[in-house]
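A.B. asks: When you get a sec, could you give me coordinates for this:
(chains A and B)
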Amino acid sequence: MNKRDFLKQSILFIPAAGLMQTLARVAAGEDMATAAATSGDYDASQHWYGMGIDVDKCIGCNRCVEACKTENNVPQEPFFFRTWIERYSIHADGEVTVECVSTQPPRGEETPQVDPDVVRSFFVPKLCNQCANPPCVQVCPVGATFQTKDGVVLVDEKRCIGCRYCIQACPYGARYLNPETKTADKCTFCYHRVTEGLQPACVEVCPTQARIFGDFKSEASRLVRFERVNEISVLKPDMNTAPKVRYAKLDGEVR
Amino acid sequence: MKIPEQITRLGMLLAGVLAAVLLLRFVILPADMFSAAPHQAAKAVREMAKPVHYAGMPACRECHADIYDTKSAGGHRYMGCENCHGAAAAHASDPATGNPPLPSEREFCYACHAFDPSRPNGFPQIEPTEHRAGKKCIRCHDPHDPVPPSAPSDCSGCHGVIAKTKATSSHATVECAACHEVPEQHFTSPRAALPTKPAGRESCGQCHGSDATDSGAPRVDLASHGDSYQCWQCHYPHAPEMTR
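C.D. replies: Now for the predicted structure:
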């Protein structure tokens, strides 16, 4: 084969090989058409999910945290959380202390003492606020994190490069770097459950209905009633993130 | 006018390059190199395909309707079955895979029912060292309908923070019933009948008024002290020496 023949055949071969590869990929069903087909009859644009949290009902039992870790394979180490419970203590001198309720609580016989210096103390469940205007999505340099049509912010672990920008950008500290995948990870509202009509795992196990899950677009939704009957606050409203996790009876000291 | 041959050739070359670029852009290279939508849709599908571990209470009810009915009438009616019995999706889809755990240890119930000052007022809590120490909770309480075997005799079981605060205050010896009338029904279904709260200043005046008898309590003239405010608006009745 001389040089001229080689060039001629190369010019033909390269696009032909590309075409064959594309055809093969389509046939193997990796494309978007298949993606749409396998999601069944679920129409994301018909939903807009949110969560209501009644702070006055939370007993700090941590069942939601445990259930979340089980359901979503979150590492068990006590610093990886998709949802967590904070204990706020307001002291007489105005000082506010916040601690994360341990996942390995000393459920022993000892009784915590009532600190006379603490004016009031309560639990606040926290999780990704699934902001309608999410700062984490804005900062992602590779478009790995995005908002679905039903309002849930997801992370595409195949795209994420683990740069931690989103972890820094989240005003709620809701993201962590998964030590196994080395990608950003966060609450998905249990997307695999809610799209099947189930409750998120934390809501499923909450013993006092401190957590309510619902759909803002549904006429008969616990969440819509929750918003109607309670005075609603969101965390850090000044950030203009438009959180879809709504709090009732939230103490003014909660950040 | 004849087009020079070199122009024709150049035109064909440009057409070829254009065709190659278009082929590359729209056929060879995958669409998700140019749009986020395909990879986002694919991620959503992958997310939806993840396995479910918690089956949800409706699934439990299909086989265990009797227990569900017991539970839905009792104090644990808002609790999902898998709160205590753990993630049971495998058991729900195939009962032969084994039974979910039946926790019976005392410590298990502590997660919710051991005294903790941060828990909301009114939530039933026990002092683990004082409440039937060493016995399993389920010997007296049916977990699916956890009514106490006898009505509670004092208020600290649900109002522990108030009881503990009051116990160290100058109102330590004042009984709850001195200020609150507690309907009998409140001990068995607390929200159905709430205790009363003192309506006016006269209630405090029984001990703290200038004409009160048999009391070493500080006296004030109800007519002039504190304008039109109710006593509790300045003094916390469960710890009156508390300044805030």
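
A.B. asks: Which helix or which strand is home to B:A163?
C.D. replies: helix B:160-167 (DSSP states H and E).

A.B. asks: Can you list the buried residues in that helix?
C.D. replies: B:G160, B:V161, B:I162, B:A163, B:K164, B:T165, B:K166 (16 or more other CB atoms under 10 Å in any protein chain shown). C-beta here means a position set from N, CA and C on the backbone, and glycine is covered the same way.

A.B. asks: With stretch A:82-97 instead?
C.D. replies: Using 16+ other CB under 10 Å as the test for burial, stretch A:82-97 gives A:R82, A:T83, A:W84, A:I85, A:E86, A:R87, A:Y88, A:S89, A:I90.

A.B. asks: Between the residues you listed, which sits nearest B:I28?
C.D. replies: A:R82 (39.4 Å; CB to CB).

A.B. asks: Count the neighbours of residue 135 for me.
C.D. replies: Just going to use chain A. Per other CB atoms under 10 Å in any protein chain shown, the neighbour tally for A:P135 reads 18.

A.B. asks: meant chain B, my bad for not saying
C.D. replies: Neighbour number of B:K135 under other CB under 10 Å is 10.

A.B. asks: Quick check: closest non-adjacent residue to it.
C.D. replies: Leaving aside its sequence neighbours, B:K135 sits nearest to B:R106 (CB to CB, 6 or more residues apart in numbering or on different chains; 7.3 Å).

A.B. asks: Quick check: the one you found touching B:I138?
C.D. replies: No: counting by CB atoms under 8 Å, B:R106 stays clear of B:I138, with 9.0 Å between them.

A.B. asks: Now render the buried residues of helix B:160-167 as TSV, adding distance to chain A.
C.D. replies: Converted to TSV, the buried residues of helix B:160-167 look like this (distance: CB to the nearest CB, whole Å):
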residue	distance to chain A
B:G160	8
B:V161	6
B:I162	10
B:A163	9
B:K164	4
B:T165	6
B:K166	10
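
A.B. asks: ok, A:P200 to B:V45 distance?
C.D. replies: Separation of A:P200 from B:V45 (CB to CB, to the nearest Å): 19 Å.

A.B. asks: again with B:A163
C.D. replies: Counting by CB to CB, the gap from B:A163 to B:V45 is 54 Å.

A.B. asks: Equivalent analysis for A:T148, please.
C.D. replies: A:T148 is 11 Å from B:V45, by CB to CB.

A.B. asks: And for A:M51?
C.D. replies: According to CB to CB, A:M51 and B:V45 sit 23 Å apart.

A.B. asks: quick one: which of those two has more around it?
C.D. replies: Neighbours per residue (other CB under 10 Å) separate A:M51 from B:V45, with A:M51 holding more: 26 against 19.

A.B. asks: Residue of chain B nearest chain A, please.
C.D. replies: Closest approach between chain B and chain A, counting by CB to the nearest CB: B:I28, at 3.5 Å.

A.B. asks: Chain neighbours aside, what residue packs nearest to that residue?
C.D. replies: A:G18 (3.5 Å).

A.B. asks: Which stretches in the stretch 101-250 of chain A count as strands?
C.D. replies: Assigned by DSSP state E, counting those that start in this stretch, the strands in the stretch 101-250 of chain A fall at A:118-127, A:145-147, A:153-155, A:176-177, A:184-185, A:211-215, A:232-233, A:245-248.

A.B. asks: could I get these as a markdown table with mean pLDDT and distance to A:L23?
C.D. replies: Listed next are those as a markdown table, based on pLDDT from 0 to 100; distance: least, CB to CB, whole Å:
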| stretch | mean pLDDT | distance to A:L23 |
| --- | --- | --- |
| strand A:118-127 | 93 | 44 |
| strand A:145-147 | 96 | 29 |
| strand A:153-155 | 97 | 30 |
| strand A:176-177 | 96 | 38 |
| strand A:184-185 | 96 | 35 |
| strand A:211-215 | 95 | 41 |
| strand A:232-233 | 95 | 53 |
| strand A:245-248 | 97 | 46 |
